[in-house]
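**Student:** when you get a sec, could you give me coordinates for this:
(chains A and B)
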Amino acid sequence: MSAAEGTEKGGAAPRMIVDARGSWCPGPLMELVRVIKEEPVGTEFELLSSDEGSRKDVPSWLQKAGHALLEVQNESGYDRYVIRKTH
Amino acid sequence: MKRVVVLGGGIGGTTVANRIRKALEGEVASGQVQVQLVDREGVHAYQPGYLMVVFEKMRPEETRRDESLLLHKSIQLVKGEVEKVDGAANKIVLKGGKDLPYDILVIASGSVIHPELTPGFVEGAHSFYDLENAQKLRGALHGFTGGKIVISVAGMPYKCPVAPLEVTFMLDDYLRNRGIRDKCEIHYTYPIPKVFGIDTVAQPMQRLMGERGITVHIPFNVDKIDPAAKSMKSVEGDTLPYDLLIAIPPHRGADFVGASGLGDKGNWIPTDRYSLKADGRENIFVLGDATNIPISKAGSTADYEAEVVTQNVASMVRGEAPTARYEGRVYCWIMTGLAQATYIKFDYLHPPHPPTPSFAHYWNKVIYNRTYWDLTARALF
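**Tutor:** Residues are numbered from 1 along each chain as shown, chains lettered A, B, ... in the order given. Here you go, the predicted structure:
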């Protein structure tokens, strides 16, 4: 699935998992832009991406759009970006 | 008798119905299995043809066929609009009150364009995502003598992710052929900080745009269109005036998906990316644009997915485990001019690497456009 409510972390609100591994077209960042538009302010997302280009694109777009990049974890074969919609 | 019901008479629904019939030929012939396809109008649209209509490379009538002529004669075509899927009772409820029971359901209901979701779109933008608007855009371009043309994406997800690239390059060629390119500006906007979703495609495409004098505005997420002022505003705070705007409208899944409790906020159906089963449903498969899988909403995707769904449906009918897996295969051409193209071919594990654009790749696309009805829709090969 591309977007689903994931596990709770530390009692916080559930994070939305955006599993964009293997999403070469339209691409992980396009998926992230889409779900951020749809969800309310304060929502946290975990974007999973196997596209190396995301390492540059995701922080760059988040900075421009003004949303928060909370964490980046390198997993086996993909990266996990934890993001909060701030406005 | 086991009933297999397919919802949707587009690329995915038509080809999967024909493939399932073929895979279960003996069972269908003997009456052990019935295959039914539900479609609202009974008219099949070859949607990739709309862009060709804009640039007069296909005639409008070449994009439509009677669905009954594409389905094998043993498949029953049910003309009607789906109100909802009653998963608990294993039946489809059609508008007007008729029920259609199923043992296995395949949902191929595609995506629906919603230009009204972007303020000003209906009054201010041209598009080519339905035949009527493609013809209007063709007329508008024919009468265009110079000025600023803007290409933009007004909502996500949208089908055929490469279409904004294609219309941009074809437009450039079209204006050159008419001898008015020097009187025109072409501006391309995209919602992320590059002209396409991943570097292997974005980099060569942005290079081509530079060579052809196309101005790029990235990232640009359309907030609203002001038809009176002929300008467009982005959520990033930028304003872009235009003389002619070509925009990709917002898309959503089919209404009945929401009414059935099967979809997410956009009426896309959460679907297992490998088995293509709807999440939590053992006898419902989903393919094509209707899924929430984060890959191209494109005919090619539906075609490859149909192979997997066919195998899994046939296995289930025969009491076997549905073990076929969709590995994310997609193959799409990208028009880079009126007679030039490249392509992207990829799966979940392997990103695309488009080759140098050429006439040969374009010609392959022309051949596919001509053979689509037999090759894909009728699934004769």
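
**Student:** ok, whatever residue of the stretch 251-381 of chain B ends up closest to chain A to B:D173 distance?
**Tutor:** Chain A sits closest to B:Y348 of the stretch 251-381 of chain B, with a gap of 3.2 Å, by CB to the nearest CB. Backbone N, C-alpha and C define where each C-beta goes, glycine included. To B:D173, B:Y348 is 34 Å away according to CB to CB, to the nearest Å.

**Student:** hmm, back to that, the residue of the stretch 251-381 of chain B closest to chain A contacts B:R273, doesn't it?
**Tutor:** Yes - with contacts counted by CB atoms under 8 Å, B:Y348 reaches B:R273, the gap being 7.3 Å.

**Student:** joint contacts of those two?
**Tutor:** Listed as contacting both B:Y348 and B:R273 by CB atoms under 8 Å, 6 or more residues apart in numbering or on different chains are A:G22, B:G328.

**Student:** neighbours of B:P48, just the number please.
**Tutor:** 23 (other CB atoms under 10 Å in any protein chain shown).

**Student:** identify the residue nearest the geometric centre of chain A.
**Tutor:** The residue lying closest to the centre of chain A (CA atoms, centre = their mean) is A:L47, at 2.8 Å.

**Student:** residues near residue 73, how many?
**Tutor:** Because you didn't say which chain, this covers chain A. 11.

**Student:** was after chain B, sorry
**Tutor:** The burial count assigned to B:K73 is 7, neighbours taken as other CB under 10 Å.

**Student:** mind checking how far it is from B:S30?
**Tutor:** Here B:K73 is placed at a distance of 16 Å from B:S30 (CB to CB).

**Student:** swap in B:E185?
**Tutor:** 64 Å.

**Student:** the two: who's more crowded?
**Tutor:** Neighbours were counted for B:E185 and for B:S30 using other CB under 10 Å; B:E185 has more, 15 against 10.

**Student:** and that one, what is it in contact with?
**Tutor:** By CB under 8 Å, 6+ apart, the residues touching B:E185 are B:G147, B:K148, B:I149, B:T215.

**Student:** now do the strand or helix carrying the second one: which elements does it pack against?
**Tutor:** Pointing back at B:K148 there. Using DSSP states H and E, B:K148 sits within strand B:147-153. Contact analysis of strand B:147-153 by 3 or more CB pairs under 8 Å, 6 or more residues apart in numbering or on different chains; DSSP states H and E lists helix B:163-177, strand B:184-189, strand B:239-241, strand B:244-248 as its packing neighbours.

**Student:** out of the ones you listed, deepest packed?
**Tutor:** Of all the helices and strands packed on strand B:147-153, strand B:244-248 carries the top mean neighbour count, a mean of 24, counting by mean count of other CB atoms under 10 Å in any protein chain shown.

**Student:** OK, contacts around B:P351?
**Tutor:** Contacts of B:P351 (CB under 8 Å, 6+ apart): A:W24, A:D51, B:I198, B:T200.

**Student:** switch the cut-off to 7 Å
**Tutor:** With contact set as CB atoms under 7 Å, 6 or more residues apart in numbering or on different chains, B:P351 has these partners: A:W24, B:I198, B:T200.

**Student:** what is the nearest of these to B:T14?
**Tutor:** Using CB to CB, A:W24 comes nearest to B:T14 of those, at 26.3 Å.

**Student:** verify the stated contact: the closest one with B:D199.
**Tutor:** No - taking CB atoms under 7 Å as the definition, A:W24 is not a contact partner of B:D199, at 10.2 Å.

**Student:** who has more neighbours, those two?
**Tutor:** Legend: neighbour count by other CB under 10 Å for A:W24 and B:D199, higher for A:W24 (29 against 18).

**Student:** spell out which parts of the stretch 101-250 of chain B neighbour chain A.
**Tutor:** Proximity of the stretch 101-250 of chain B to chain A, by CB under 7 Å from any CB of the partner chain, involves residues B:M156, B:P157, B:P161, B:P191, B:I192, B:P193, B:G197, B:I198, B:D199, B:P219, B:N221, B:E236.
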